[in-house]
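>>> Fold the stuff below for me.
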Amino acid sequence: GSHWKYHNEYIKKFLDTGVTKVMGKKRELPARRKDGSEFRIELGVWEIETFDERLFCGYVHDLTAVKKKERLAFGIIEASMDPLFQINEHGIIQIVNEAAVELFGYSRREFLGANISIITGGDHAKNHDKYIRTYLQTGISKVIGKKRELPARRKDGSELLIELGVREIKTDHGEERLFCGFIRDLSRIKKKE
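Okay, here's the model as predicted:
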């Protein structure tokens, strides 16, 4: 990263204007070891007030192990031969694997940030957000924790039969609720029968 080149400018700007991008916050950025190799860190910087001078305290957390686990988790998701989607409580796709891209014909870029209803077939697309809201309000679900056969829709508009399994992902209290959908393409199985 090039942050080290501008480090003194960042401090001067803060001292002159009080405007900061880092002070009192945590952010992830690259760091450099003595040998020149780079690694990711989480950096938190706070100003410590004293009577006669301004001091700054930085807390550095090495994210090497965290990033390794993230790469492993992503690798497992990508290795799945079946499509997988992770959505938030508003139905917005946040994670999608290559199997989903191949089956539904959307690019990863098209999927990410889109509502999951783009692949919902039949009459379910127009009601999908309502299904999520009902579950969030009542805890009653016809899909979460179960497997169901449903129609799905590809980018080209063609429909296929899928088996959908949905699980809620455990998050900390107060955090956005997340869901993971696991899909099996039943159209190939039905053709063989």
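
>>> Pull out the buried residues from stretch 121-133.
121, 125, 128, 131-132 (16 or more other Cβ atoms under 10 Å). C-beta coordinates here come from the backbone N, C-alpha and C atoms, glycine included.

>>> Apologies, that question was intended for stretch 98-118.
Residues of stretch 98-118 classed as buried by neighbour count (16+ other Cβ under 10 Å): 99-101, 103-104, 106, 111, 114, 116-118.

>>> Against residue 59, how distant is residue 126?
Distance of residue 126 to residue 59, computed by Cβ to Cβ, to the nearest Å: 49 Å.

>>> for residue 25, same thing?
From residue 25 to residue 59 the distance is 11 Å (Cβ to Cβ).

>>> list the residues that contact both of the two?
Between them, residue 25 and residue 59 share these contacting residues under Cβ atoms under 8 Å, 6 or more residues apart in numbering: 44-45.

>>> and which of the buried residues of stretch 98-118 is nearest to residue 139?
residue 116 (20.0 Å; Cβ to Cβ).

>>> quick one: low-confidence ranges for the chain?
For the chain, the stretches with pLDDT under 70 are 1-4, 190-193.

>>> which residues touch the most centrally placed residue in the chain?
By Cα atoms, centre = their mean, the chain has its centre lying nearest to residue 94, at 4.4 Å. Neighbouring residues of residue 94 by Cβ under 8 Å, 6+ apart: 86-88, 112, 178.

>>> Please repeat the previous calculation with a cut-off of 7 Å.
Taking Cβ atoms under 7 Å, 6 or more residues apart in numbering, we find residue 94 in contact with 86-88.

>>> cool, and residue 82?
Going by Cβ under 7 Å, 6+ apart, residue 82 touches 99, 182-184.

>>> Would you mind measuring from the residue lying farthest from the centre of the chain to residue 46?
Within the chain, the residue lying farthest from the chain centre (Cα atoms, centre = their mean) is residue 52, at 45.2 Å. For residue 52, the distance to residue 46 (Cβ to Cβ) stands at 18 Å.

>>> With residue 137 instead?
Distance from residue 137 to residue 46, by Cβ to Cβ: 40 Å.

>>> When those two are compared, which one has more neighbours?
Per other Cβ atoms under 10 Å, whichever of residue 137 and residue 46 has more neighbours is residue 46, with 14 against 8.

>>> OK, contacts around that one?
Residue 46 makes contact with 23-24, 57, according to Cβ under 7 Å, 6+ apart.

>>> Can you list the residue ranges for helices in the chain?
3-17, 64-79, 98-104, 108-111, 128-138, 187-192 (DSSP state H).

>>> Residue 87 - how many residues pack around it?
Neighbour count for residue 87, taken as other Cβ under 10 Å: 23.

>>> For the residue nearest to residue 33 when sequence neighbours are not counted, name its beta-bridge partners.
The spatially closest residue to residue 33, leaving aside those adjacent along the chain, is residue 39, at 6.8 Å (Cβ to Cβ, 6 or more residues apart in numbering). Counting by DSSP bridges, residue 39 forms beta bridges with residue 31.
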